[in-house]
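*Asks:* Pasting a predicted model and its sequence here:
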Amino acid sequence: MKIAKNTFANEEVVLDFHEYEGCTFTNCRFVVLGYGPFALNQCEVVNCEFTFAGPAASTIQTMSTIYHNIGEQGKNLIEGTFDQIRNAGANKPA
């Protein structure tokens with residue numbers, strides 16, 4: 001669902017399956033469940049936090065376990081994943 005030019009303040013906002021464009025978020029808690037994609041396009045975000053629940057939280061827990069309990073190979077796998085995330089935007093056309 002696309003939501004444009006709305007203002008959100010002091011509320012919980014579930015991001016899954018939503019596309020926000022030109023919105024303002026102040027003192028909100030973003031919740032990522034991991035069930036579907038979302039977008040925050042040209043939005044202003046002031047003093048908000050992200051939380052993860054459901055499958056998204058399970059993924060983060062799995063990554064944490066790999067990083068902390070599988071030695072150097074686990075650390076390299078997770079760091080490599082973060083490198084891919086960091087570099088993903090570098091390959092997009094302008």
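*Replies:* Okay, I see it. Numbering: from 1, shown residues only.
*Asks:* thought Lys2 was touching Gly22?
*Replies:* No - with contact defined as Cβ atoms under 8 Å, Lys2 does not reach Gly22; the gap is 10.7 Å. Every C-beta, even on glycine, is put in place using the N, C-alpha and C of the backbone.
*Asks:* For stretch 48-60, measure first residue to last.
*Replies:* Using Cα to Cα, to the nearest Å, one end of stretch 48-60 lies 20 Å from the other.
*Asks:* picking that back up, quick one: which of Lys2 and Gly22 has more around it?
*Replies:* With neighbours defined as other Cβ atoms under 10 Å, Lys2 and Gly22 compare such that Gly22 has more, 12 against 9.
*Asks:* List the contacts of that one.
*Replies:* Counting by Cβ atoms under 8 Å, 6 or more residues apart in numbering, Gly22 touches 4-5, 41-43.
*Asks:* can you check Asp16 too?
*Replies:* 32-38.
*Asks:* if we go to 6 Å?
*Replies:* By Cβ atoms under 6 Å, 6 or more residues apart in numbering, Asp16 lies in contact with 33, 35-36, 38.
*Asks:* Reformat the contacts of Gly22 as JSON lines; add pLDDT.
*Replies:* Shown next, in JSON lines, are the contacts of Gly22 (pLDDT from 0 to 100):
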{"residue": "Ala4", "pLDDT": "98"}
{"residue": "Lys5", "pLDDT": "98"}
{"residue": "Asn41", "pLDDT": "98"}
{"residue": "Gln42", "pLDDT": "98"}
{"residue": "Cys43", "pLDDT": "98"}
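*Asks:* Of those residues, which count as buried by neighbour count?
*Replies:* Neighbour counting with 16 or more other Cβ atoms under 10 Å marks Cys43 as buried within those.
*Asks:* Right, I'll leave it there.
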